[in-house]
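**Q** Provide a 3D model corresponding to the input given below.
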Amino acid sequence: MIYPPRLNLATLPTPLVKLSRFSERLGGVNLWMKRDEMTGVEVSGNKIRKLEFCIAEAQRQGCDTLITCGGIQSNHCRATAIMGARLGLKVQLILRGEEPQIPSGNLFMDLLAGAEISYLPAEGWATAHPQYAKQLQAEAEIAGHKAYFIPTGASDEVGLWGYIAASEELAADFKRLNLKPSAIVTATGSGGTQAGLIAGNEIFGLAEKIVAFNVSDNAVYF
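**A** Predicted structure coming up:
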């Protein structure tokens, strides 16, 4: 498989483990879990798989600044802030909601990593944050820099390659363990993981279907 430019940032491959007791509790189904929370302590989860491609594309374009967005406690924003610091890239975050008096959790990590943060009201967020991102890009250009915008969750045509690559990893897992799953089940928020798995399933023939449970918004949004 030929992939777009990619950085090796995550701890891969992640284990695929059988949930024996849970399977028994559910009536004897054969349930396995891909342990993607083990991609790296500070960037754990699915975000870093997508960022490997997004940041590589930013560097290919000669960008020295990353702009992205999300909620106050966004895991994606935290991962972007930390990877930017590791790679020497400036990171600007556009966060949804009011600035808290005392930063905690992921927001604290964002600040610790040196990210510059702007807060926009939740009302009108969907239309306001892309416009604000363009404003930040224009300001960066005036200052002699070049900024690359990564959408919420790194879920775009670049980021979805993260889970196409993960699908190839799963295909190797299934072959090694002699598994033929009837379904792959995932959570979905911004949609990039789901889209990558759907595309990956078409390429690698992983399972009969991909099932996603939304963790934000509603059926109309998806």
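
**Q** Pull the contacting residues for the most centrally placed residue in the chain.
**A** Nearest to the mean C-alpha position of the chain, by Cα atoms, centre = their mean, lies residue 47 at 2.6 Å. Residues in contact with residue 47, defined by Cβ atoms under 8 Å, 6 or more residues apart in numbering, are 75-76, 79-80, 153-154. C-beta: built from backbone N, CA, C; applies to glycine.

**Q** Got the confidence number for residue 34?
**A** We have a pLDDT of 98 for residue 34.

**Q** okay, now the closest residue to it other than its chain neighbours: neighbour count?
**A** Distance criterion Cβ to Cβ, 6 or more residues apart in numbering; nearest residue to residue 34, sequence neighbours excluded, is residue 16 at 5.3 Å. Using other Cβ atoms under 10 Å, residue 16 has 18 other residues around it.

**Q** residues touching residue 16, list them.
**A** Residue 16 touches 32-35, 170, 173, 177, counting by Cβ under 8 Å, 6+ apart.

**Q** The same query, at a cut-off of 10 Å, please.
**A** 32-36, 169-170, 172-174, 176-177, 179 (Cβ atoms under 10 Å, 6 or more residues apart in numbering).

**Q** Which of those residues fall within strands?
**A** 32-34 (DSSP state E).

**Q** Can you list the low-confidence ranges for this protein?
**A** 218-222 (pLDDT under 70).

**Q** How is it divided into domains?
**A** Annotated domains of the chain cover 47-153, 160-215 [automatic domain parsing].

**Q** Compare those domains and report which one is nearest to residue 10.
**A** Closest to residue 10 of the domains of the chain, according to Cβ to Cβ: domain 47-153, at 4.5 Å.

**Q** and that closest one, how far apart are its ends?
**A** 7 Å (Cα to Cα, to the nearest Å).

**Q** Now the nearest residue to residue 61 once chain neighbours are set aside. Its backbone dihedrals?
**A** Take residue 61 and drop its neighbours on the chain: the residue closest to it by Cβ to Cβ, 6+ apart is residue 148, 6.2 Å away. Residue 148 has phi and psi values of phi -110, psi 130 when expressed as degrees, to the nearest 10.

**Q** what separates residue 148 from residue 198, distance-wise?
**A** As judged by Cβ to Cβ, to the nearest Å, residue 148 and residue 198 stand 25 Å apart.

**Q** Going by secondary structure, the residue in the chain sticking out farthest from the centre is in what exactly?
**A** Ranking residues of the chain by C-alpha distance from their mean position (Cα atoms, centre = their mean) puts residue 27 at the top, at 32.9 Å. Per DSSP states H and E, residue 27 falls between elements, in no helix or strand.

**Q** This completes my enquiry, with thanks.
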